[in-house]
Structure formats: C-alpha cells, structure tokens
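Participant: got a predicted structure plus its sequence, pasted below:
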Amino acid sequence: MAGAIGRTSTWPRSRRLPVDAPTSEHGRRHQIVIGRSRALGRLALLASARLCGIRVGVTATARDASAVLRAYPHEPDGLLTVNADVTEPEQLMAAVEAGLAEFGRIDIVANNAGYGLIGAIEEVSDKAARALFDVNVFGVLNTLRATLPTLRAQRSGHVLNIGSVGGFVTAPAAGLYGASKFALEGVSEALHGEPAPLGVRVTMVEPAGFRTDFLSSSGMQVEPASIADYVAGAGPVREALAGYDGHQPGDPVKAAKAIVDITQVAEPPLRLQLGADAIERVEARLDLVRRELGEWRHVALSTGT
C-alpha cells in the first residue's frame, strides 16, 4: 500500500535531497505538487522553476514517489518525494506535514493528479465513472482540505488546479472526463473568491493538446465501444485521439514555464488557457453561447412576472 510520511507516521519516505528551509523573504518558495508522476506537473513545478530563476523546495507526492526520482535522478537540492494517494485523505495530510517539517511553509499547491477517460456516456460503467471522480474531483478536494489551513494561517499562497480545456468545452466520447473537469472549474471559481480576502490566490489551468504522457495508457483509460448506435456520434473522437498521442501541437516545456510565470504576478488570472487550440475551442464555445443566448433570449425573458 502506498503511504505518506509525516512526523508521526511509520511509513518510509522516499529518498530525498537536502535543502535549506525556503522562506519567501529570501526569494525561496515551497511547492507542494500533487500527482507529480504526470509529465506536465513534473515540468511545471521543478524544471521550469529553475528556468525562471526561482530557488525552490518541492514536496512531490505520487502513488509511486520513486517514479519522480527516476524522472529526475540528478536534481539539485530541494526535492522531497512522498508516497501518497489522493483518494486517501490521511496520506495527504501526512504528506503535507512532511513538507512543512522540511520547508516550514507552503507557497504553491499544484493539483495535478488525474487521468482521462474515453467512452460514450452510456458506455462508461458506474464503477469507472466513480473512480474517475474519486481522483479528478474528490482527490482535489482532499488536497485542498490538507493544505488550505496552512495557506489561511500564512495569509498567502497560490493554488493551481491543473484542469483541461475539456473542462470548459467537451466533446462526444469525452463526456465523463469533461464532467470531472467541469466540476473542478466550479470548485476553482468558488474557491477563487473564498480565501481571496486572506491573500490566497487560485488559478484554474486549462491546457489543450501538449506532448505529454496524458494520452498514453498510463494517463488515459479507454472504455470499449460496446454500443453500435454510438459509432457515428462518438467514433470520430475515438479515432482522432487514437492517432493524436505524440502529435499534439503544444510544447510542454513552454506550458510549464507559463504556469510558473503566473505564480509570480500580483494578480494572476482565475483561468489560464494554454495552447492555440485551447483559445480556439474556448472562443468557439463562447460564440455558441452568445448566439444561443441571443436566439432564445425571448424565451428566457418570457418567464418573468
């Protein structure tokens, strides 16, 4: 069983690299990265931090924290890896305690855990749908409950919820994944205002197609096309995604740097779209909403007293 280590835990923590305790006064920041085995999270919260010239301490959690160390075998001081499953609140609490014991504070929380699911709505089983939401939605809520008390006490910090443009506009065969990211959009929008008076910031990151491992078997679950009636409606998306892995237009290193950049501005955005294809899809969705709003405005207004 994957475990997290805190000051009171008996689970072994993964090998870590020593670091001086970071403090914001000296230009050092502590980042807690949840689900850091995913490629974009690895790049954004460590490699790009170095590119931006930031001195950081990173607490990285994953079900298999050793995967993080394998990805970065020669990292400089400042990396603490901890086994933690986002669906286990106690493990996350212990992981946060381990990070605080090592670095003393939290400056950035990056919720990067998640995976994709392809299949028409009716084709996805209840078990598969609930498992998806357990990670993509409730895992984020578990992380927020583990980290927000510290951010509130500090009166500072930045929460980065790594979502998808699929949480703003979805497509056939991607409905359940989109639904999980739509839920994260709602959480982020509300959370953006709740701790804002305390100095805690929240940004929802909406990447489109980037050359990461997301579309690989480790990042994407594909349900069988079991209902022939949905071949016409969901089949084209299935086919497009099957040949898309490795051919996405986005550069993940540039995306990672953009994510890090917004943590250094005084007023970061609520939403950050990444990629020209993200902008295209968002603009098309907004155009559709405006068009339908205009066409059906008379019906909406007819319901008043």
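Facilitator: Yep, it's here.

Participant: for the stretch 101-250 of the chain, what spans make up the strands?
Facilitator: 108-111, 116-118, 157-162, 200-207, 220-222 (DSSP state E, counting those that start in this stretch).

Participant: what's the last one in contact with?
Facilitator: Spelled out, it's strand 220-222. Contacting residues not belonging to strand 220-222 are listed as 115-119, 128, 132, 214, 238, 241 [Cβ atoms under 8 Å, 6 or more residues apart in numbering]. The C-beta positions use only the backbone N, C-alpha and C, and glycine is treated the same way.

Participant: ok, and the most crowded of those?
Facilitator: Among the contacts of strand 220-222, the one with the most neighbours (other Cβ atoms under 10 Å) is Gly119, at 25 neighbours.

Participant: quick check: closest non-adjacent residue to it.
Facilitator: Spatial nearest neighbour of Gly119, chain neighbours left out: Glu223 (3.1 Å); criterion: Cβ to Cβ, 6 or more residues apart in numbering.

Participant: separation between the one you found and Gly163?
Facilitator: Using Cβ to Cβ, to the nearest Å, we find Glu223 at a distance of 21 Å from Gly163.

Participant: please say which of the two ends up with more neighbours.
Facilitator: The residue with more neighbours, out of Glu223 and Gly163, is Gly163; 27 against 17, by other Cβ under 10 Å.

Participant: okay, that one: pLDDT?
Facilitator: Listed pLDDT for Gly163 reads 89.

Participant: hang on, it packs against Glu189?
Facilitator: No - using Cβ atoms under 8 Å, Gly163 is not in contact with Glu189, being 11.2 Å away.

Participant: overlap in contacts, those two.
Facilitator: Common neighbours of Gly163 and Glu189, using Cβ under 8 Å, 6+ apart, are Met204.

Participant: turn the contacts of strand 220-222 into a markdown table, columns for distance to Leu270 and pLDDT.
Facilitator: Formatted as a markdown table, those follow (distance: Cβ to Cβ, whole Å; pLDDT from 0 to 100):
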| residue | distance to Leu270 | pLDDT |
| --- | --- | --- |
| Tyr115 | 24 | 88 |
| Gly116 | 24 | 89 |
| Leu117 | 26 | 92 |
| Ile118 | 28 | 91 |
| Gly119 | 30 | 93 |
| Ala128 | 31 | 96 |
| Leu132 | 24 | 95 |
| Phe214 | 23 | 52 |
| Arg238 | 32 | 80 |
| Leu241 | 28 | 73 |
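
Participant: closest one of these to Leu272?
Facilitator: Of all the contacts of strand 220-222, Phe214 has the smallest distance to Leu272: 17.4 Å, by Cβ to Cβ.

Participant: state the number of residues packed around Thr143.
Facilitator: 28.

Participant: I'd guessed it sits against Met93; true?
Facilitator: No - checked against Cβ under 8 Å, the pair Thr143 and Met93 is beyond contact range at 10.0 Å.

Participant: ok, now how distant is Asp251 from Met204?
Facilitator: Going from Asp251 to Met204 by Cβ to Cβ gives 21 Å.

Participant: appreciated, that's everything.
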